[in-house]
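Engineer: Sequence first, predicted coordinates after that:
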Amino acid sequence: MTISEHTLAGAAARPANRPVWRDEWVDTIKLALPIALTQLGQVAMMTSDLALLGRLGDQVVAASALAHTVLFAAFVVGMGIVSAVSPLASQAFGARQPRMVRRALRVGLWAATLLGIPLSASQIYGEEILLGLGQTPEAAGLASTYLMGLAWCLVPAWWFIALRGFMQSVNRPEPGLWITLAAIPINALLAYTLIYGEFGLPRLEMLGAGLATTIVNLGMCVAGVWVCYACRPFKKYRILGRFWIPDWLLFRRMVAIGAPISGTMMLEYGVFAAGALLMGRLGTTELAAHQIAITVASLLFMVPFGVSMAATVRVGHAAGRRDVEGTRRAGMAALALGAAFMAGMTLIVVLTRNIIPLLFLGFGTDAANATLQLAAMLLVIGSTFFIADGVQTVAAGALRGLNDTRMPLLFSAICFWAIGFTACYVLGFTLGHGAIGIWIGLSLGLAIYAVLLIWRFHALTSRGYLPEIASPA
């Protein structure tokens with residue numbers, strides 16, 4: 001190479017290398033923002049249902065919580081497995097294998113259907129399940145009525161998750177957001193109509209709320225199928241092509257990747273449910289303060305959860321291209337974004353810790369003064385909790401882009417239960433620190449889990465690990 005050629009090559013390389021991290025952050029934000037807004041839209045639908053049911057009385061609210069507990073246990077099983085559509089389709093997209101992208105979605109839809117039939121039927125026995133768990137006959141009966149309407153939402157909800165994973169994998173997550181935004185007012189109107197019997201329809205109360213959720217999920221599923229089948233750039237994949245032909249080889253691979261995701265979600269959900277039960281043993285004030293703080297955490301979590309899904313796609317794309325450096329850069333850029341957002345939001349929460357509880361309990365009240373003070377204290381302790389929670393979900397998403405889900409499952413068992421729950425009990429009860437001790441225990445488990453996941457991603461990418469890409473059929 002001559003001197004002039006070398007100079008020209010260096011001049012060309014510098015502009016290409018300099019903005020590479022900036023471009024990665026921009027691309028990740030573009031992908032993550034509509035995903036995060038879609039998740040917040042899902043929360044808005046659940047909140048509107050709860051607000052409408054709350055007008056029927058405290059017993060109905062309690063029964064709806066029990067019903068969601070039973071439903072969520074089944075929902076997570078399918079959700080984890082169909083979540084594997086995103087990494088598999090993203091890797092195929094990066095490898096320029098459009099047929100493999102379609103196969104990934106197809107087996108996800110098959111998995112949702114095959115799992116949904118028995119798990120939907122199991123919801124019919126919700127009353128027996130809750131009675132077996134020691135709930136009162138009155139609460140179990142009300143919850144069972146709600147489940148009779150909710151039960152059939154599983155398959156369409158899982159189909160929509162799989163379709164969203166496909167949309168995200170080809171860098172077009174926006175339709176999932178538009179469908180969700182359209183569903184929010186429709187869900188509120190339909191739920192109101194069926195709960196209270198408006199417009200000449202029968203008053204179905206809890207059954208009506210469940211039916212509204214199922215109908216809206218079915219509508220979202222149909223809209224998602226239509227968008228993917230008829231609109232650009234999705235229609236070129238012909239997502240329903242050869243749909244009736246089983247693809248057992250890829251199905252087994254999807255289950256192998258997705259089942260540990262389901263297990264991890266169950267372990268995480270379980271430890272937070274256990275934390276709430278421990279708070280209940282301390283008293284009503286502690287439980288109410290915990291609920292306020294955990295609700296704030298859940299709302300904040302939606303943004304890094306969107307970044308996590310974007311990380312799965314970006315890492316998967318790079319892995320499909322066999323780009324070792326790009327794989328590492330995609331994961332690390334997403335981690336930086338998640339940590340930066342949660343750090344900023346945590347600072348805001350800490351500064352407004354005395355105001356946030358008033359949004360839940362009402363202004364100008366003295367009766368709930370103890371709850372206000374404890375909730376404010378938990379929000380301060382949650383500064384570590386919030387950041388660790390955001391970082392761990394992004395790191396988990398990056399690892400899913402590498403199809404690495406088994407080791408995070410092991411980490412979650414150790415961190416959430418062996419460390420986190422043990423610390424909650426010891427600090428909260430043995431050492432007598434109460435609600436504060438329980439939150440320190442939860443924060444400790446999350447922090448260690450986040451560190452282990454980051455270490456795992458660093459270890460895999462530093463040695464150039466790339467997942468095997470399935471051959472197109």
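Structural biologist: Looks like it came in fine. Here the structure is a predicted model, which is why all the values come from computation and not from measurement.

Engineer: Which strand or helix spans the nearest residue in space to residue 201 that is not next to it in sequence?
Structural biologist: Distances taken as C-beta to C-beta, 6 or more residues apart in numbering place residue 193 nearest to residue 201, at 5.8 Å, with adjacent residues excluded. Where you see a C-beta, it was placed from the backbone N, CA and C, and this is true even at glycine. Residue 193 is located in helix 174-196, with elements delineated by DSSP states H and E.

Engineer: ok, now residue 30?
Structural biologist: Assigned by DSSP H and E, residue 30 belongs to helix 20-54.

Engineer: That helix: what's the following helix or strand?
Structural biologist: Per DSSP H and E, the first helix or strand lying C-terminal to helix 20-54 is helix 58-82.

Engineer: which other helices and strands contact the particular helix or strand that has residue 209 in it?
Structural biologist: Taking DSSP H and E as the definition, residue 209 sits inside helix 205-230. Secondary-structure packing of helix 205-230 (3 or more C-beta pairs under 8 Å, 6 or more residues apart in numbering; DSSP states H and E): helix 20-54, helix 58-82, helix 137-150, helix 154-169, helix 174-196.

Engineer: give me every residue that touches the residue nearest to residue 60 when sequence neighbours are not counted.
Structural biologist: Leaving aside its sequence neighbours, residue 60 sits nearest to residue 53 (C-beta to C-beta, 6+ apart; 5.3 Å). The contact partners of residue 53, by C-beta atoms under 8 Å, 6 or more residues apart in numbering, come to 60, 61, 64, 195, 206, 209.

Engineer: are any of these buried, and which?
Structural biologist: The neighbour-count test (16 or more other C-beta atoms under 10 Å) marks 60, 64, 195, 206, 209 as buried among these.

Engineer: sorry, back to before: between which two of the contacts of residue 53 is the distance greatest?
Structural biologist: 61 and 195 (12.9 Å; C-beta to C-beta).

Engineer: Could you report the pLDDT at residue 110?
Structural biologist: Looking at residue 110, its pLDDT stands at 93.

Engineer: circling back to that earlier point, return the distance of the residue nearest to residue 201 relative to residue 212.
Structural biologist: Using C-beta to C-beta, to the nearest Å, residue 193 is found at 8 Å from residue 212.

Engineer: Looking at these two, which one has more neighbours?
Structural biologist: Taking other C-beta atoms under 10 Å, residue 193 and residue 212 do not tie; residue 212 has more neighbours (28 against 17).

Engineer: surely the more buried one meets residue 187?
Structural biologist: Yes: applying C-beta atoms under 8 Å as the test, residue 212 and residue 187 come out as touching, 6.3 Å apart.

Engineer: joint contacts of those two?
Structural biologist: Shared contacts of residue 212 and residue 187 (C-beta under 8 Å, 6+ apart): residue 49.

Engineer: What are the buried residues along stretch 129-144?
Structural biologist: Along stretch 129-144, these residues count as buried under the neighbour rule (16+ other C-beta under 10 Å): 129, 130, 131, 135, 139, 140, 142, 143, 144.

Engineer: out of these, which one sits closest to residue 76?
Structural biologist: When the buried residues of stretch 129-144 are compared for distance to residue 76 (C-beta to C-beta), residue 129 wins out at 15.4 Å.

Engineer: so which strand or helix has that closest one?
Structural biologist: helix 126-132.

Engineer: I'd like to know which elements that helix is packed against.
Structural biologist: Contact here means 3+ C-beta pairs under 8 Å, 6+ apart; on that basis helix 126-132 packs against helix 58-82, helix 137-150.

Engineer: for the closest residue to residue 447 other than its chain neighbours, what are its contacts?
Structural biologist: In this structure, residue 447 finds its nearest non-sequential neighbour in residue 388, 4.3 Å apart by C-beta to C-beta, 6+ apart. With contact set as C-beta under 8 Å, 6+ apart, residue 388 has these partners: 443, 446, 447, 449, 450.

Engineer: Same check on residue 336?
Structural biologist: Residue 336 neighbours (C-beta under 8 Å, 6+ apart): residue 25.

Engineer: Report the distance from stretch 418-426 to the chain centre.
Structural biologist: Distance of stretch 418-426 from the chain centroid (C-alpha atoms, centre = their mean, to the nearest Å) equals 24 Å.

Engineer: Show me what counts as buried in it.
Structural biologist: Buried residues in stretch 418-426, counted by 16+ other C-beta under 10 Å: 419, 420, 421, 423, 424, 425.

Engineer: okay, now residue 27: neighbour count?
Structural biologist: Neighbours of residue 27 (other C-beta under 10 Å): 17.

Engineer: Run a quick check on it versus residue 311, I expect a contact.
Structural biologist: No: the pair residue 27 / residue 311 is not scored as a contact, 11.3 Å apart, by C-beta under 8 Å.

Engineer: In this protein, which residue is most central in space?
Structural biologist: By C-alpha atoms, centre = their mean, the mean C-alpha position of the chain lies nearest to residue 305, the distance being 6.1 Å.

Engineer: Residue 432: helix or strand, and which one exactly?
Structural biologist: Using DSSP H and E, residue 432 sits within no helix or strand.

Engineer: count of residues packed around it?
Structural biologist: With other C-beta under 10 Å as criterion, residue 432 counts 8.

Engineer: tell me which residues in the longest helix seen in the chain are buried?
Structural biologist: Under DSSP state H, the helix in the chain containing the largest number of residues is helix 284-320. By 16+ other C-beta under 10 Å, the buried positions in helix 284-320 come out as 285-290, 292-294, 296-297, 300-320.

Engineer: Any idea how far it is from the middle of the chain?
Structural biologist: Between the centre of helix 284-320 and the centre of its chain there are 7 Å (C-alpha atoms, centre = their mean).

Engineer: low pLDDT regions in this protein?
Structural biologist: Scanning the chain for pLDDT under 70 picks out the ranges 1-18, 58, 361-368, 470-473.

Engineer: per-domain residue ranges of it.
Structural biologist: Here the domain parsing of the chain from automatic domain parsing is 34-239, 248-467.

Engineer: Adding distance to residue 19, write the ones you listed out as JSON lines.
Structural biologist: Converted to JSON lines, these look like this (distance: least, C-beta to C-beta, whole Å):
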{"stretch": "domain 34-239", "distance to residue 19": "19"}
{"stretch": "domain 248-467", "distance to residue 19": "12"}
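
Engineer: nearest to residue 23, of the ones you listed?
Structural biologist: In terms of C-beta to C-beta, the element of these nearest to residue 23 is domain 248-467, at 9.4 Å.

Engineer: What is the end-to-end distance of that closest one?
Structural biologist: One end of domain 248-467 sits 20 Å from the other (C-alpha to C-alpha, to the nearest Å).

Engineer: before we move on, back to that, can you tell me which of the buried residues of stretch 418-426 lies closest to residue 118?
Structural biologist: Once C-beta to C-beta is applied, the member of the buried residues of stretch 418-426 that ends up nearest residue 118 is residue 421, at 30.1 Å.
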